[in-house]
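Asks: Starting from these lines, generate the structure:
(chains A, B, C and D)
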There are 2 protein chains.
Amino acid sequence: MDKKVRKIRENSFGLLLKKISLRIEKELERRLAKSGLSVKTFGIVMLLLEEEGLTQKELGTRTEVPGYSTTRVLDSLEKQGLIQRRPHPTSRRANLIYLTEKGQELRGQLPMMIQGVNDDFLAACNQDERKMLQGALAKILEQNPLD
Amino acid sequence: MDKKVRKIRENSFGLLLKKISLRIEKELERRLAKSGLSVKTFGIVMLLLEEEGLTQKELGTRTEVPGYSTTRVLDSLEKQGLIQRRPHPTSRRANLIYLTEKGQELRGQLPMMIQGVNDDFLAACNQDERKMLQGALAKILEQNPLD
DNA sequence: TTGCAATTGTTGCATTTGCGACTATTATTG
DNA sequence: CAATAATAGTCGCAAATGCAACAATTGCAA
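Replies: Numbering: from 1, shown residues only, chains lettered A, B, ... in the order given. Predicted coordinates for the structure are as follows:
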């Protein structure tokens, strides 16, 4: 039993993050099931609840979802009647994405549910710890840009 | 532009974790490429460097990898000549997994590389912050057990 | 303006993934 | 001991994924 390797393994920041991240996703998936959304789709819906009329490119960039995946997620949401693609006023190759009325109805529950999952996982930490966590993680994120 | 939704989205603990986790994996994948390992396989190799002679079940449990995936990862590592399956002394349905000599050679670089990736991502934080982070995340993990 | 490069979005196709069924073996129960 | 349940590991197959090529359009430069 190699103690040195064990220490590296047990203290691995990346491993820790991955484990927690997967558990959050699993729990989120459970709670989203009722609304017909999934971990794949909810992120784009959340962004649309925040701001509509973005292009697919923009949606993909802001949610860090690759283009081909954005296309498919929107296909799926469109089929569910939650969003619609509208033509861009000046560019014929871009689409502007809007929530349908049915999509807008998610505003009543979805954001609160996301908040809820996060809070539940952070239950072990007090307010100060949470602030520190958020701060440190945000700092780490911005110091390690996407490629 | 819905400010309330925006706040929830931007402060989302789960989203933050996922983004960082994916970036770490991406960087790790790059560095692992040279050694013929991948994010899929390195975790089990790391565990074997720490302790050999575990069953596939045990390997899967400790790395949180499902059984069918463990089988496939070991198939792959076996084909690369890095591990070997040996019969369990008392149970004919279990295998005990050992590193080959070639597998053992990874001890010289792999743990250090993992350490390196973690350190690089934590570069933005000083020692105190790192301690706090590790502590808080470990607490969160244990308070939210796997299913 | 014409030709070339870049952008937006979509899709075909091969690879990867995960569920569930399956084999073989071992443990348990009556 | 026989019958049944539980366990370790594997595998087929459908679905999900990612790459790379593609069509359509727009921007840019000579």
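
Asks: okay, residue A:145: pLDDT?
Replies: For residue A:145, the model assigns a pLDDT of 87.

Asks: Nearest residue to the residue nearest in space to the middle of chain A in space, please, no chain neighbours.
Replies: For chain A, the residue nearest the mean C-alpha position is residue A:43 (3.8 Å; C-alpha atoms, centre = their mean). Sequence neighbours aside, residue A:63 is the residue nearest to residue A:43 in space, at 4.8 Å (criterion: C-beta to C-beta, 6 or more residues apart in numbering or on different chains). Backbone N, C-alpha and C define where each C-beta goes, glycine included.

Asks: Kindly tell me how buried that neighbour is, as a neighbour count.
Replies: 17 (other C-beta atoms under 10 Å in any protein chain shown).

Asks: can you check residue A:60 too?
Replies: The number of residues packed near residue A:60 is 20, by other C-beta under 10 Å.

Asks: Can you list the buried residues in whatever helix or strand it lives in?
Replies: Assigned by DSSP states H and E, residue A:60 belongs to helix A:56-63. Buried positions in helix A:56-63, judged by neighbour count with 16 or more other C-beta atoms under 10 Å in any protein chain shown: A:56, A:58, A:59, A:60, A:63.

Asks: any bit of that helix sitting next to DNA strand C?
Replies: Yes. Helix A:56-63 is in contact with DNA strand C by C-beta under 7 Å from any atom of the strand, via A:56, A:57, A:58, A:60.

Asks: Give me the next element, helix or strand, following that helix.
Replies: Following helix A:56-63 in sequence order, the next helix or strand is helix A:67-79 (DSSP H and E).

Asks: Which strands or helices does the helix or strand just after that next one pack on?
Replies: Following helix A:67-79 in sequence order, the next helix or strand is strand A:83-87 (DSSP H and E). With contacts taken as 3 or more C-beta pairs under 8 Å, 6 or more residues apart in numbering or on different chains; DSSP states H and E, strand A:83-87 sits against helix A:67-79, strand A:95-99.
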